[in-house]
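> Sequence first, predicted model second:
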Amino acid sequence: MSGDQSGGENDRPETGAFFARDRAWHPPAFAPGYKSSVLRSPQKALLSLDGTLSEITGPVFGHSMLGELDNDLIHNFAKPGESAIGERIIVHGRVLDERGRPVQDALVEFWQANAGGRYRHRKESYLAALDPNFGGCGRAITNGDGHYCFRTVKPGAYPWPNGVNDWRPAHIHFSIFGHGFAQRLITQMYFEGDPMIWKCPIVGAIPDRRAIEQLIAALDWGNTVPMDARAYKFDIVLRGRRSTFFENRPEGN
Amino acid sequence: MAQDLGYLKETASQTAGPYVHIGLTPNFCGIGGVYEADLGASMVNDRTLGQRITVTGRVIDGAGMPLKDALVEIWQADAAGLYNSPSERRGAADPNFAGWGRSPTGADDGMFTFETVKPGRVPFHDGRLMAPHISFWIVARGINIGLHTRMYFPDEAAANAADPLLARIEHRHRAETLVAAGRTPNYVFDIHLQGEKETVFLDI
Ligand SMILES: [Fe+2]
């Protein structure tokens, strides 16, 4: 934990359980338009339970674990003096919780295809070319304000075997680890103005249009670096947690 | 009308997709040199307190096939039953044990593996002790929102019988889906996404 952050409400460890997840806002497990979900979706009811210590706690990731290029996908796999090919972009935003409070020290990990839409993976079969200078992964830890940022190239769209002619809109995969194990979240970020978002069966599994719009990063002209890189802003919201107004602890803690 | 509570909506989940290993275990999938080691790959060192155990298992789909593109994370208390977390207010956990692990499911056999220690008991909301358990979270292609579950120990029959979470499972035979097979120190915890043996997943 970065102990040098300014003291304040956000620094005090919280012990309340997380708000119940609004399952109607998330894509359902079984979404037949996304064929892979058919055999991989639980079919029985989930067991619902207010979070215990096992869910409200979580590990702390220190800023010291980060390497200098961890949040620079243009260079973190490139040969010295070289860089990845593609449209240079900066992606940044804040990790907040449902109460609007910044989530400090959240671990944000991201991965993506290269500018041609090709992943660096043994099972990847798309014919677009690999970029020898692009690995496709990066990570950051949020500061006291909940802010993270990274530099990358804009990923390309790519076809995938689902329907006869399904393509993924350009996207970046995000994994976010907040303060509790129950806050764990994986999602995908899309790009403002991409018409393919609305054709995608994975996006389409999300029932509420507003939930989809929340996954679309806005072109952030203010933070665009002249003659260098355009910026996109992507805020992420994790589950909020109850305030412990009245602690009721029979065990006498 | 009343005042607006001003709450935000949680960002919607999306599948981790087929290449989650690129992002979360890049060394495992051949992307070397970006990170020194994959996060969560090693949970114990030689000063960690407690009994060493190994937990292996597979994530199995509705056709009985193990997933080879899944990612599993675990979170657990230390040997004394304390979480290494700022939200843990009962005492200081073992500084040599973070309690968090991450494992890809293997490209050949679909196995995940964790070398860890057996967790101590942790209190439920009402102060009763829960049976020793490890929290699991599973993501993969085809899983639209990460799945939470727990693993309990087969050699803790008395504690399991009194566990408040296991007691909430209405269909009693399904409680068995949360109890690992094997015995000290090698436990096997297969997670079934569907079918007769579908694991109890948690909304927690
Ligand atoms: Fe993707």
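Yep, it's here. Numbering: from 1, shown residues only, chains lettered A, B, ... in the order given.
> element containing residue A:96?
In the assignment (DSSP states H and E), residue A:96 maps to strand A:88-97.
> How far away from the center of its chain is that strand?
Put simply, strand A:88-97 sits 9 Å off its chain's centre (C-alpha atoms, centre = their mean, to the nearest Å).
> could you show me where the strands are in the stretch 151-253 of chain A, in order?
A:158-160, A:166-168, A:171-177, A:185-191, A:216-219, A:230-233, A:236-238 (DSSP state E, counting those that start in this stretch).
> ugh, wrong one, chain B
Applying DSSP state E to chain B gives strands spanning B:52-60, B:71-75, B:100-104, B:111-117, B:133-139, B:147-152, B:181-183, B:186-188, B:191-192, B:202-203.
> what's the angle between the strand holding residue A:96 and strand A:171-177?
40 degrees (axes from the mean of the first three to the mean of the last three C-alpha atoms, to 10 degrees).
> which residues touch the residue nearest to the spatial centre of chain A?
The residue lying closest to the centre of chain A (C-alpha atoms, centre = their mean) is residue A:174, at 2.5 Å. Applying C-beta atoms under 8 Å, 6 or more residues apart in numbering or on different chains to residue A:174 gives the contacts A:108-110, A:185-189, A:234, A:236. In short, each C-beta sits where N, CA and C put it, glycine included.
> for the following helix or strand past the strand holding residue A:96, what is the average pLDDT?
Heading C-terminal from strand A:88-97, the first helix or strand you meet, by DSSP H and E, is strand A:107-111. Mean pLDDT, strand A:107-111: 98.
> List the strands paired with strand A:107-111, with their directions.
strand A:137-141 (antiparallel), strand A:171-177 (antiparallel) (DSSP bridges).
> Can you tell me the closest non-neighbouring residue to residue B:146?
residue B:139 (4.7 Å; C-beta to C-beta, 6 or more residues apart in numbering or on different chains).
> And for residue A:35?
residue A:162 (5.4 Å).
> check whether stretch B:65-75 contacts chain A.
Yes. Stretch B:65-75 lies within reach of chain A by C-beta under 8 Å from any C-beta of the partner chain, at B:67, B:69, B:73, B:75.
> The third one against residue B:41, yeah?
To tie it back to what came earlier, the one meant is residue B:73. No. Here residue B:73 does not reach residue B:41: they are 11.5 Å apart, not a contact under C-beta atoms under 8 Å.
> circling back: so who does the residue nearest to residue A:35 touch?
Residue A:162 neighbours (C-beta under 8 Å, 6+ apart): A:34-36, A:201.
> Quick check: buried residues in stretch B:110-124?
For stretch B:110-124, burial by neighbour count (16 or more other C-beta atoms under 10 Å in any protein chain shown) applies to B:110-112, B:114-124.
> Which member of the residues you listed is positioned nearest residue A:222?
Set against residue A:222, the nearest of the buried residues of stretch B:110-124 by C-beta to C-beta is residue B:112 (43.8 Å).
> Quickly list what the closest residue to that closest one other than its chain neighbours is bridged to.
Distance criterion C-beta to C-beta, 6+ apart; nearest residue to residue B:112, sequence neighbours excluded, is residue B:103 at 4.0 Å. Bridge pairing for residue B:103 (DSSP bridges) gives the partners residue B:72.
> Distance of residue B:103 relative to residue B:35?
Going from residue B:103 to residue B:35 by C-beta to C-beta, to the nearest Å gives 16 Å.
> now do residue A:124
20 Å.
> okay, the two: which has more neighbours?
residue B:35 (21 against 16; other C-beta atoms under 10 Å in any protein chain shown).
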